[in-house]
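S.K.: sequence? don't have it. structure:
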């Protein structure tokens, strides 16, 4: 079988640190043929760094010259739709970094196009593919914590990544900073929450940057089966990505950055019950740390991007469903629009 030819559009951080390394892991089935960026010097540097043979500053030129199987879109969200539409019209399968697009109308155009042109399109909801998150879904599905009652999502991003930079494209997203990290919290919630119907938002500015409207958000996302309590902040100097799931028979806690999952059921608050659950959590944490060390030492660490991109490639080779459907990407944007409207 011929290798799938991939062209990457956008050569910024997410392409260099996540997408390109993920595709390079799949060199048995994939060939990175080209990169494209309006900043041709940046594109040349990225191509040289990763050994990618062809460089373009114009998408149309890349599509006409390269005969690509996959176009990987890593541009700022505002041009996701036009890039994806042109790539699909050329017969390419498309991988879209999240968020799918800034507006529902853009999402609808993308959904219509992938059906029209008969190609595959998937949106990168990477945190849903971390091994800890996948394990948690299996535990919930198997009834380990009983009926799911609620959940909490925590995402902290340091100020220097986005909001400290006045000219960063994040400030042009709907809702500002929440437009970047909010989709992560929403799609993780939607993995467990059915039919999001309402949202309550409390937002404020905690930093001193005058170009920032909000950088600290508390969100209650209400579905027909449960409510997800979301806290997203860009105002501090620490990072975190955590998800807690609360059931009738126990609790699951995930730290997606350290890739450690624990679950326990504390039936009583007697000292013996507290001690037993604490020992259980400590043991699970130690086991997780040892497993992570082993994976790092032997090069087996798999991030969410790695797993999802591998599944996307498999979906093309084996003609299977994509890991995240365009409709799921659109639903995330529908909920994000609900959040942004509450900020108006």
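M.R.: On my side now, so go ahead. On a predicted model such as this, the values are computed, not experimentally measured, just so you know.
S.K.: Check which element follows the helix or strand bottoming out on mean pLDDT in the chain along the chain.
M.R.: Least confident element among the helices and strands of the chain, by mean pLDDT, DSSP states H and E: helix 271-297 (a mean of 84). Downstream of helix 271-297, the first helix or strand assigned by DSSP states H and E is helix 304-317.
S.K.: Check the offset of that next one from the chain's centre.
M.R.: Taking C-alpha atoms, centre = their mean, to the nearest Å, one finds helix 304-317 lying 13 Å from the centre of the chain it belongs to.
S.K.: what sits up against it?
M.R.: For helix 304-317, contacts defined as C-beta atoms under 8 Å, 6 or more residues apart in numbering pick out 1, 4, 18-19, 21-23, 25-26, 29-30, 69-70, 93, 95, 120, 122, 124-131, 133-134, 256, 320-324. For every residue, glycine as well, the C-beta is placed using N, CA and C.
S.K.: Can you tell me which of those residues end up in helices?
M.R.: The members of the contacts of helix 304-317 that map onto helices under DSSP state H are 21, 22, 23, 131, 133, 134.
S.K.: List the contacts of the last one.
M.R.: The contact partners of residue 134, by C-beta under 8 Å, 6+ apart, come to 128, 307.
S.K.: just the fifth one next, same as before
M.R.: When the contact criterion is C-beta under 8 Å, 6+ apart, the partners of residue 133 are 127, 188, 191, 243, 254, 256, 304.
S.K.: so which of the residues you listed comes closest to residue 89?
M.R.: Closest approach between the contacts of residue 133 and residue 89, by C-beta to C-beta: residue 304, at 29.3 Å.
S.K.: Neighbours of that closest one, how many?
M.R.: 23 (other C-beta atoms under 10 Å).
S.K.: Same check on residue 202?
M.R.: Around residue 202 there are 12 residues (other C-beta under 10 Å).
S.K.: So it is in contact with residue 217, correct?
M.R.: Yes. Counting by C-beta atoms under 8 Å, residue 217 is a contact partner of residue 202 at 7.3 Å.
S.K.: where does residue 112 fall, helix, sheet strand or coil?
M.R.: When classified by DSSP: H, G, I helix; E, B strand; the rest coil, residue 112 comes out as helix.
S.K.: same thing with the one 4 residues further on?
M.R.: Following three-state DSSP, the label given to residue 116 is helix.
S.K.: Let me see the contact set for the nearest residue in space to it that is not next to it in sequence.
M.R.: Once flanking residues are discounted, residue 116 sits nearest to residue 88: 7.9 Å by C-beta to C-beta, 6 or more residues apart in numbering. Shown in contact with residue 88 (C-beta under 8 Å, 6+ apart): 94, 110, 113, 114, 116, 117, 119, 121.
S.K.: what helix or strand is residue 88 on?
M.R.: helix 80-89.
S.K.: Domain parsing of this structure, as residue ranges.
M.R.: 4-125+303-323, 128-300+335-343 (automatic domain parsing).
S.K.: Buried deepest among these, which one?
M.R.: Among the domains of the chain, the stretch with the highest mean neighbour count (mean count of other C-beta atoms under 10 Å) is domain 4-125+303-323, at a mean of 20.
S.K.: before we move on, the earlier item: with distance to residue 329 as added columns, please give the domains of the chain in JSON lines.
M.R.: Supplementary listing: the domains of the chain in JSON lines, determined by distance: least, C-beta to C-beta, whole Å:
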{"stretch": "domain 4-125+303-323", "distance to residue 329": "3"}
{"stretch": "domain 128-300+335-343", "distance to residue 329": "8"}
